[in-house]
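Asks: predicted model, plus sequence, below.
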Amino acid sequence: MRVIIAGAGEVGRGVANALRQEKRSVALIDPNPSAINESQSIDCLLVTGSVLSRDSLLRAGISDAEIIVMATNNDEINLLGCAFAKRVYSEQVGDRNAAGLTAIAIISNPNLMNNDRGAGPLEKWTRADHIVCASDEIVEQLAAGLLAPSIDEILSFGDTSWISVVEVTSNSALIGVATGEVGNIFVDIPSVYALANKSGDGNLTNGSEIITEGDNLVFVSRSTSQFRQITKAVGRTDPELPEKPQVAIFGATQFGNKLAKHYLDIGSEVVVIEPNLDFANELVGSKIGINKRLDVIHGDPQDEELLRELGIEQQDITVAALDDDNLNIAISMRAKDKGVPRTGLLLKDRALVEAVQRIGLTRPISRRLVTITSVLKSIHMNIPGTYQSIPTIPEIISISATLNTDNNIVGRTISDAEKKLGARIVMIEKEDENGLFNVLTPNQVEVLEVSDRIYLFLRKTDIKRVERSLED
């Protein structure tokens, strides 16, 4: 069975690449010949045409498809395309309700999902099975990353848990230590579940690997409070961050406004600088605009006099959240030059993230990369739970699943279950007598039980086999 992706832009190509690494059959549709040419390196079927064309869907193999992903840069086409694809699919296979085809639509405007002012709930009338709008995940990941800027990568892994990827420096006390002995050196540090050496080869750990300088270690922490122990262990330090930091946000965009709300909710003083008067006025008139700790300024984010009046060097955090990648980079570089200890920025282009990290800007987030991960999570919904790729170690992914009575790892110890699955179990959520779920580490659990939610690390090439095991 194949996956059809409409839109051969950066998101569409990213999803296609990830699925090909899972050995899935993929077809890409795009009306732009240039986009199709840029996709030639992906080992998949390429179709030049519109997703709203029967001919294009037929050439892409709609009758053999199990999933279609609408990833064009037009929200309305993505929503309409789900219904059209299901219509064509039902005509071809005689499945009146198109139950055999899962349709996923990507939208960039979260207001469309608003039940009062938008068109929500979208799933009820668009025939899309999953709507992917990654704006909340993008803001959450950026805000968490700014807590510990010396950690190279911080990724969400469940409600309050995080994946951290960080390189071991020459000052690290972990050099020469086995991965399974890290907890003996530092108290309350999370375990190491994957490692990539200097050559870039990434693997799950078994506890016997000896840590060397330059290794990238992958930790899983149950809360952001463990970030400090991780940075200390690898020989890095972060500047102190007040409980209620002063925050300057450049851009009253949907992301800028969401970030403003996040920091206002924790008691911070927030200033938003917006060059567009209409956007600035819209924020002032919004629900968060009446907050006394919010100051909205209409002006040029690169105006030196404005930055002096703002006292940019006194800010604990600056975030560039405009829609222009180059402008966001320029703003963040200027803030860093003026001594701001934490500089976050949102980028569309995934390729810019690594370049920006090399020049020392602390927390660049690729909006498209987060969107790709959100799409992959929807694709893997046959095992409901989280899905997270690790860009710096692309061989390794993480998923979660809730165990049922038929699952063949119920009643097994953690080590036995890991051998059965060929994966590492990194966390377990267990329900207590009050119906509350507690997050436990593997060494706190004797055997796995029905309704436990397990969080796994595995090699990307093993995902089909592991998912089949979890479905049993």
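Replies: Okay, I see it. Numbering: from 1, shown residues only.
Asks: ok, now which ones touch Leu369?
Replies: By Cβ atoms under 8 Å, 6 or more residues apart in numbering, Leu369 lies in contact with 14, 350, 353, 391. C-beta coordinates here come from the backbone N, C-alpha and C atoms, glycine included.
Asks: now it: which helix or strand?
Replies: Following DSSP states H and E, one finds Leu369 within helix 367-379.
Asks: roughly how far out does that helix sit from the chain middle?
Replies: 7 Å (Cα atoms, centre = their mean, to the nearest Å).
Asks: wait, Asp43 touches Gln21, no?
Replies: No. Asp43 is beyond contact range of Gln21, at 10.1 Å (criterion: Cβ atoms under 8 Å).
Asks: mind pulling up the pLDDT for Ala134?
Replies: For Ala134, the pLDDT comes out at 89.
Asks: give me the number of residues near it?
Replies: Neighbourhood size, Ala134 [other Cβ atoms under 10 Å]: 24.
Asks: how close does it sit to Ile372?
Replies: Remark: distance between Ala134 and Ile372 (Cβ to Cβ, to the nearest Å) = 9 Å.
Asks: what's around Gln254, how many residues?
Replies: For Gln254, using other Cβ under 10 Å, the count is 18.
Asks: please renumber the chain so that the first residue is 53 from this point on.
Replies: Okay, using 53 as the starting number, the last item reads as Gln306.
Asks: contacting residues for it?
Replies: Counted by Cβ under 8 Å, 6+ apart, Gln306 has contacts 161-163, 187.
Asks: could you redo the last one with a cut-off of 10 Å?
Replies: 160-163, 185, 187, 190-191, 373, 375 (Cβ atoms under 10 Å, 6 or more residues apart in numbering).
Asks: wait, Ile156 sits on Thr178?
Replies: No. Assessed by Cβ atoms under 10 Å, Ile156 is found out of contact with Thr178, at 11.1 Å.
Asks: comparing the two, which residue is more hemmed in?
Replies: Neighbours of Ile156 and Thr178, each counted by other Cβ under 10 Å, are more numerous for Ile156; the result is 25 against 22.
Asks: is it fair to say that one lies in a strand?
Replies: Yes. Judged by DSSP: H, G, I helix; E, B strand; the rest coil, Ile156 forms part of a strand.
Asks: which non-adjacent residue is nearest Thr454?
Replies: Distances taken as Cβ to Cβ, 6 or more residues apart in numbering place Arg505 nearest to Thr454, at 4.8 Å, with adjacent residues excluded.
Asks: the one you found bridge partners, please.
Replies: Thr454, Glu481 (DSSP bridges).
Asks: do I have it right that it meets Val478?
Replies: No. Under the criterion of Cβ under 10 Å, Arg505 makes no contact with Val478, lying 11.8 Å away.
Asks: name the residues contacting each of these two.
Replies: By Cβ under 10 Å, 6+ apart, the residues touching both Arg505 and Val478 are Ser452.
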